[in-house]
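Participant: need coordinates for the following:
(one chain, ligands or ions: 1)
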Amino acid sequence: MGQIRDNAARLLAGIPRGITVLAAAKARYASEILEVIDAGITDIGENYFQESRAMIEAIGDKATWHFIGHIQKNKVKHIVPLFDMIQTVDSLELAAMIDQHAAKHGKVMPVLVEVNSGREENKHGAMPGAVAELIMQMAVLPNLRVKGLMTMGPFLDDFEGLRPFFRQTRALFEEIGSQDIPNVRMEILSMGMSDSFPIAIEEGATMVRIGTMIFGQRPY
Ligand SMILES: *Cc1c(COP(=O)(O)O)cnc(C)c1O
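Facilitator: Below you'll find the model as predicted:
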């Protein structure tokens with residue numbers, strides 16, 4: 001008892017001011033998430049809609065809920081009313097669906113565009129070269145608000161190797177921000193996980209997504 005709270009508090013103490021820590025809570029219990037909230041981390045990430053519904057209903061607005069998993073199109077209608085932000089938008093089709101469902105709920109949905117910074121064929125996320133155009137198209141959707149970018153980067157044994165991908169994503173974030181696209185404020189750059197977050201912060205992340213380091217190894 002209290003181990004998770006201690007991990008979260010210790011992690012927070014070492015994070016520079018102005019950087020948001022999101023707890024990536026897939027496969028965790030509500031009691032574990034409550035320990036994290038108790039330590040002062042109130043941004044919680046969920047990957048699976050089914051799993052998250054009970055959590056969000058139990059914990060509610062003590063936390064800000066981020067959808068960080070891959071979105072199946074048939075789940076959009078469930079995800080939109082439940083979450084406060086969606087970090088994994090990678091196509092105009094998906095953005096348009098989110099916009100439609102947000103309109104039905106009288107909601108303006110904050111989103112991040114997921115970037116496939118490693119340009120890997122089998123990975124989700126928009127290709128870096130397509131992101132600016134995608135955001136310009138998304139900017140006219142009235143019930144959706146682009147707030148920034150999210151990236152995972154390639155899966156590498158040596159996470160120092162992620163640095164160039166984080167750096168390129170930061171450059172893209174700034175470039176798009178400097179274009180002053182109406183309706184678009186580039187405020188959040190979500191990158192870095194348990195192994196790689198110090199590098200991501202050095203390369204300009206404003207939000208890091210941490211699972212294992214807070215909760216311990218995942219049960220599955
Ligand atoms: C699980 C997950 C994380 C956290 O990963 P850890 O290595 O456990 O810190 C971050 N981002 C996403 C999208 C995840 O699914």
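
Participant: alpha carbons only for contacts and neighbour counts from here, please
Facilitator: Noted.

Participant: surely His101 is in contact with Lys75?
Facilitator: No: contact status for His101 versus Lys75: not in contact, 10.9 Å apart, counting by Cα atoms under 8 Å.

Participant: out of those two, which sits in the more crowded spot?
Facilitator: Each of His101 and Lys75 had its neighbours counted (other Cα atoms under 10 Å), and the higher figure belongs to His101 (21 against 12).

Participant: give me the number of residues near the nearest residue to that one once chain neighbours are set aside?
Facilitator: Across the structure, with Cα to Cα, 6 or more residues apart in numbering as the measure, the residue nearest His101 apart from its sequence neighbours is Lys77 (6.0 Å). Using other Cα under 10 Å, Lys77 has 16 neighbouring residues.

Participant: enumerate every residue touching Glu160.
Facilitator: For Glu160, the contact set (Cα atoms under 8 Å, 6 or more residues apart in numbering) comprises 196, 199.

Participant: near the ligand, which residues of this protein show up?
Facilitator: Taking Cα under 6 Å from any ligand atom, the part of the chain that reaches the ligand is made up of 24, 68-69, 193-194, 209-213.

Participant: in helices, which of the residues you listed appear?
Facilitator: When helices are assigned by DSSP state H, the members of these inside them are 212-213.

Participant: are any of the residues of the chain next to the ligand buried, and which?
Facilitator: When burial is judged by neighbour count using 16 or more other Cα atoms under 10 Å, the buried members of these are 24, 68-69, 193, 209-211, 213.

Participant: so which of those sit within strands?
Facilitator: 24, 209-210 (DSSP state E).

Participant: from those residues, which is closest to Glu114?
Facilitator: Arg209 (13.6 Å; Cα to Cα).

Participant: count the neighbours of the closest residue to Phe197 other than its chain neighbours for me.
Facilitator: If the residues on either side of it in the chain are set aside, Phe197 comes closest to Val208, at 6.2 Å by Cα to Cα, 6+ apart. Other residues near Val208 come to 25 when the count uses other Cα under 10 Å.
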